[in-house]
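Asks: Need the 3D shape of this:
(3 chains)
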Amino acid sequence: MDYFLVSLLNGLIYGLLLFMVSAGLTLIFGMMGVLNFAHASFYMLGAYFAYLLGRYIGFWPAIVCATALVGLVGVVVERYFLRKVHKYGHAHELLLTFGLSFIIAELVKLFFGNYPVDYHVPAMLSFPAFHAGPLAYPAYRLIMGAIALLMFGVIYLLLTRTRVGIIVRSAIYKPAMAEALGHNVPRVFMAVFGVGAALAGLAGAVAGAFYTTNPNMAIELGVLVFVVVVVGGLGSLEGAMLASLLIGLLTAFSVGVDYSLADLFTWLGAGDWARRMGGLFTLKLSGLSATLPYALMLLILLVRPSGLMGEKE
Amino acid sequence: MNRMPILSLRDVHKSFGQTPIIRGVDLDIVPGERHALIGPNGAGKSTLFHLISGQIAPTRGKIDLDGRPIQGLPAQQVNRLGLARSFQITNVFPGLTVFENLRLAAMRPYGLQYVFWTLIKTRRRITAQVEQLLEQVRLQARADTLASELSYSEQRSLEIAMTLASDPKVIMLDEPMAGMSNEETDYTLALIREVTQGRTLLIVEHDMNVVFTLGDRISVLVYGRIIATGTPDEIRNNGLVKEAYLGEEMAQ
Amino acid sequence: MKIRRLLLLAAIIGLVLVPVLLSQSLINAAIQMLIASLFACAFSLLCGQGGMLSFGHAAYFGVGAFATVHAMNAFGGAGLLPTPFLPLVGAAMGLVVGLIAGWFATKRTGVYFAMITLALAELLYALAPHIKGWFGGEAGVSSMRMPAFGLSFGSNTQVYYLTLAWVLVSLGLLYLFTLTPLGRLTLGLRENARRLSFLGYDVHRVSVLVFAISAMFSGIAGSLQALNMEAANYVIFDLQGSAEVLLNSFIGGVTVFLGPALGAALMTFFGYLVSDMTHAWLLYKGLLFVVVMLFIPRGIAGLVQSVTADIRRQGLARMAPSMALYVAASILLMAGTVYLVEMLQRFFSQDYRSLAALNGKGWPPIAVFGSHWAPTSVLTWAAPILALIAGLAVLRLAHARWTSILENEEGVQTLLARDSAAARGQP
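Replies: Predicted coordinates:
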């Protein structure tokens, strides 16, 4: 029971974290048709900026500033880089964002070193929220989850209840029409890109303190975020939430499962044979938990290509 | 009509979600005829083309090509059965030369798509065929120009040539004159008349002069239904058609 | 045309003479360059010619490598095939895996396709260390080259010639492929896959074939690597490898057949040369890639092509001043960037921090390329920044001059074209 509760919470919170990063990505893709390879780099920059500023202005102010800074970086990327190659097509834009993610990772290594930095949760926040059996569940995890939920709520309300939100949604679905109605669509694009980046930065700033902050964060999370966005459906916010939670739970639960295919075969009576085969058969699910999201993505891409909640092409 | 129709649609319906676009179309195209399809914007002419050429499948109904059911078949199969279509917005290979464009189109009936053990230039018959096509649409001088660098009407000519390249039984042209000047239209009209000799043509056009001079028969599509089919004279005098579409213009 | 053939011949002769002319360590570098060039051209078949962006091509390179090492170890170490024929194993493995992976991946296009290839590679990278039988875990699998046909294959030189032979043959085959029906169809896939289906082609099947052929040649490249290293390790599946071939290909330029090979050769060569001198080599590579993507979309080879075309039309005399300006601008920009990056890299490095802490009284001077610079002095930072600003200014000047020459010519060209079209009777 404890294991279940802890895994559930971990999965949900990790999923919410994934959502914070993938929300921006899926909006940007739905709007501009560009899959921003550098999106996870914004996550990483958020963590590093927060680490840097935190030493001077305190933990929470640093998180706020880092978020704003990353948003600014996003705006610059859109305005001065993406817009330049828009005329060459989506493939070119994708390649450019790939190059940018590469550069950002190298710059981080340059300034901060090719090893993790000591960005940690401040002492006053690292207390246990409750005890699940022998485990002390960190309160900070719940704080992360709360921030993610709050963010989702704010975005959802912004998009559906405010005038700005309506303009943004119309720019996403029918940019030409929105422009014809007099809205400055390029500026909307820039703003959405910036906000999307800022969200990823916020996620990084908050999560980097708990998980490790190192130059490989972007790659590790980045591919996972793509999986989320593809599984959820490119352009769909609800899909991103669903997929994030799904993947979060899948990863969290499988980490503790020490069963393998051989165990399944035992149940069928062919356990010894399977164990002798070795290789894939004796691989424990817990060892494979990192690969499950990719397997899920491949499955979705083949069975339901538009994603769980995406629009059919 | 005592000849079996080469293309026949029976009670064809198509809805997108809850929205019905084609609401029961019956149409017979006689072999060798030039059949024009007209109708107001939004009537469903493009959708009908997509249904016949295999881009989308009908919600209900049958489409037969030369006696064979083709509804729901993918576009490549429909093409192999002898039906080729052109596109309203030029849909060629922009980064390749005119010659290459036509060669890709002409290659397919020779069954060469998976061949990587011979050099294509050794297949002289294909080269000869491409040169013949170039001559037919009067693009020989532009053979080595990139398709993206052609003038608009040259691109439309290329579009038509590519549709011809597989030697189809039925050729469907989707607004081939769109955006052309009078001079260009006359030229393209003569070209179409020439290249569709001995084939069946189904053409969608808005230019009424073209429709009434080129078409052997005309069908009028309004709100997803064919309200009239007949010779140009019959259509010109049809009350329903006048009311629904032609309005004051043709009444003069 | 003739010049190109002569250049090609000269290059081949040069490559044949490499072991005679260069030192042992440079022969090693040359082997790496050859392998990278083949991999880049194989990649470009799918990506540049077929228009299918693959972010996980290291997978096929890697399976070729592993298959080869296992083949080398077969029959108690005697090897499945004589050493010179082992790359066939890599080809076969690459082909088979390519067919399977390609069948799945090409069911989708564009970004989705790219994501599938990425997922497949990541899946392999994550699974490989667990399947110790095939991939040997953390340490990888190793072997030894066996003698064959009177050659020991123990020396660098012999490995070099084996690599050279395979790379030249493979590149030749890849080039011939572009002249075949399937090769022309590949271009059609890139230009307008949708129209191909309306022309009666089974686009999925064609895509799978192209994918598989690209994977096959990638497998040969991987195989050559395994022969060279006498080992294979699961890190070969890392995203880094896929990223590298992608960067190399686009820096070289995918619109020209040998463009990716050029890019790979240059990048490998420079990497070899400067990796001892700087820690920031990857950053430079990334910066170059982004610059190419932004300003030279057809890559270095494409740039050379268009520049030579312009020169041929305008005459060297007219273009020479602008060219000189461009060269000057490039030098200024590169110098400024390199200097700035090197200074920053050293300033922020762990070693320097420790040194400064030990020193006590402030920041000791930093050594860059032989001379020492004080980090607190304004000049240290102003110099590279000024170089960058100057470089940008010269660049703008060069660009203005170049385009003004071309624009004058273009106006005349368009008029002439219009006249001749009218004369032909085309509307």
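
Asks: contacts, neighbours, all on C-alpha from now
Replies: Fine.

Asks: In contact with the most centrally placed residue in chain C, which residues are there?
Replies: By CA atoms, centre = their mean, chain C has its centre lying nearest to C:N248, at 2.2 Å. Taking CA atoms under 8 Å, 6 or more residues apart in numbering or on different chains as the criterion, C:N248 is in contact with C:A40, C:P260, C:G263, C:A264, C:M267.

Asks: That one is in what secondary structure piece?
Replies: Assigned by DSSP states H and E, C:N248 falls within helix C:239-252.

Asks: where does the stretch 1-150 of chain C come near chain A, residue by residue?
Replies: C:53, C:104, C:107-108, C:110-112, C:115-116, C:119-120, C:122-123, C:126-127, C:130-133 (CA under 8 Å from any CA of the partner chain).

Asks: Please repeat the previous calculation with a cut-off of 6 Å.
Replies: C:A119, C:L123, C:I131 (CA under 6 Å from any CA of the partner chain).

Asks: Could you count how many residues lie near the closest residue to the first one other than its chain neighbours?
Replies: For C:A119, the nearest residue in space outside its immediate sequence neighbours is A:Y294; the separation is 5.5 Å by CA to CA, 6 or more residues apart in numbering or on different chains. For A:Y294, the count of nearby residues is 28 (other CA atoms under 10 Å in any protein chain shown).

Asks: What are the phi and psi values at A:Y294?
Replies: phi -70, psi -40 (degrees, to the nearest 10).

Asks: swap in C:A301?
Replies: Here is the backbone geometry of C:A301 (degrees, to the nearest 10): phi -60, psi -40.

Asks: who touches it in this structure?
Replies: C:A301 makes contacts with C:G252, C:G253, C:G259, as judged by CA atoms under 6 Å, 6 or more residues apart in numbering or on different chains.

Asks: List just the nearest of those residues to C:L6.
Replies: The closest of the contacts of C:A301 to C:L6 turns out to be C:G259 (CA to CA; 17.4 Å).

Asks: is it true that that closest one touches C:G252?
Replies: Yes: counting by CA atoms under 6 Å, C:G252 is a contact partner of C:G259 at 4.6 Å.

Asks: Give me the more crowded residue out of those two.
Replies: Under the criterion of other CA under 10 Å, the comparison of C:G259 against C:G252 puts C:G252 first, with 30 against 27.

Asks: Surely that one is in contact with C:G263?
Replies: Yes: at 3.6 Å, C:G252 counts as touching C:G263 under the criterion of CA under 6 Å.

Asks: The residue nearest the centre of chain B: what secondary structure?
Replies: Centroid-nearest residue in chain B, with CA atoms, centre = their mean: B:M172, separated by 1.6 Å. Following DSSP: H, G, I helix; E, B strand; the rest coil, B:M172 is assigned to strand.

Asks: Surely it touches B:E205?
Replies: No: using CA under 6 Å, B:M172 makes no contact with B:E205, being 11.1 Å away.

Asks: got a list of what C:L395 touches?
Replies: C:L395 neighbours (CA under 6 Å, 6+ apart): C:Y326, C:A329.

Asks: and it, that one's in a strand?
Replies: No: C:L395 is assigned helix when assessed by three-state DSSP, not a strand.

Asks: quick one: average pLDDT of stretch B:53-69?
Replies: Stretch B:53-69 shows a mean pLDDT of 92.

Asks: Touching that stretch from outside, list them.
Replies: B:6-14, B:50-51, B:70-75.

Asks: can you tell me how far the residue nearest to B:Y114 when sequence neighbours are not counted sits from C:M115?
Replies: Sequence neighbours aside, C:L182 is the residue nearest to B:Y114 in space, at 5.6 Å (criterion: CA to CA, 6+ apart). Separation of C:L182 from C:M115 (CA to CA, to the nearest Å): 25 Å.

Asks: which residues of the chain score low on pLDDT?
Replies: As the question left the chain open, I've gone with chain A. For chain A, residues meeting the criterion pLDDT under 70 lie at A:1, A:132, A:258-259, A:261-262, A:265, A:274, A:276-283, A:287, A:311-313.

Asks: That was the other one, I meant chain C.
Replies: C:1, C:361, C:409-427.

Asks: quick one: contacts for the residue in the stretch 51-200 of chain B positioned nearest to chain C?
Replies: Closest approach between the stretch 51-200 of chain B and chain C, counting by CA to the nearest CA: B:Q76, at 3.9 Å. Contacts for B:Q76 (CA under 6 Å, 6+ apart) come out as C:S197, C:F198, C:G200, C:Y201.

Asks: Contact residues of the stretch 51-200 of chain B facing chain C?
Replies: Counting by CA under 6 Å from any CA, the stretch 51-200 of chain B sits next to chain C at B:75-76, B:79-80, B:93, B:113-116, B:118-120, B:184.

Asks: Buried subset of those residues, written for ChimeraX?
Replies: Burial among these is assessed by 16 or more other CA atoms under 10 Å in any protein chain shown; the matching ChimeraX selection reads:
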select /B:75,76,79,80,93,113,114,116,119,120,184
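
Asks: With pLDDT and secondary structure added, can I get the residues of the stretch 51-200 of chain B next to chain C in a markdown table?
Replies: Listed next are those as a markdown table, based on pLDDT from 0 to 100; DSSP: H, G, I helix; E, B strand; the rest coil:
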| residue | pLDDT | secondary structure |
| --- | --- | --- |
| B:A75 | 93 | helix |
| B:Q76 | 92 | helix |
| B:N79 | 94 | helix |
| B:R80 | 93 | helix |
| B:F93 | 95 | coil |
| B:Q113 | 80 | coil |
| B:Y114 | 85 | coil |
| B:V115 | 83 | coil |
| B:F116 | 82 | coil |
| B:T118 | 80 | coil |
| B:L119 | 81 | coil |
| B:I120 | 77 | helix |
| B:E184 | 85 | helix |
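
Asks: now, which of the residues of the stretch 51-200 of chain B next to chain C sits nearest C:V378?
Replies: Nearest member of these to C:V378, counting by CA to CA, is B:F93, at 56.1 Å.

Asks: ok, now which ones touch the residue of the stretch 101-250 of chain B found nearest chain A?
Replies: Per CA to the nearest CA, B:S148 is where the stretch 101-250 of chain B lies closest to chain A, at 14.4 Å. Residues near B:S148 by CA under 6 Å, 6+ apart: B:P94.

Asks: Repeat the analysis, applying 8 Å as the threshold.
Replies: B:F93, B:P94, B:G95.

Asks: for these, which one is nearest B:L201?
Replies: B:F93 (23.9 Å).

Asks: Excluding chain neighbours, what is closest to the closest one?
Replies: C:E191 (5.1 Å).

Asks: Remind me what the strand or helix carrying the one you found packs against, helices and strands.
Replies: Assigned by DSSP H and E, C:E191 belongs to helix C:181-198. Applying 3 or more CA pairs under 8 Å, 6 or more residues apart in numbering or on different chains; DSSP states H and E, we find helix C:181-198 packed against helix B:75-80, helix B:98-107, helix C:203-229.

Asks: Out of those, which is the most enclosed?
Replies: Most buried of the helices and strands packed on helix C:181-198 by mean neighbour count (mean count of other CA atoms under 10 Å in any protein chain shown) is helix C:203-229; its value is a mean of 27.
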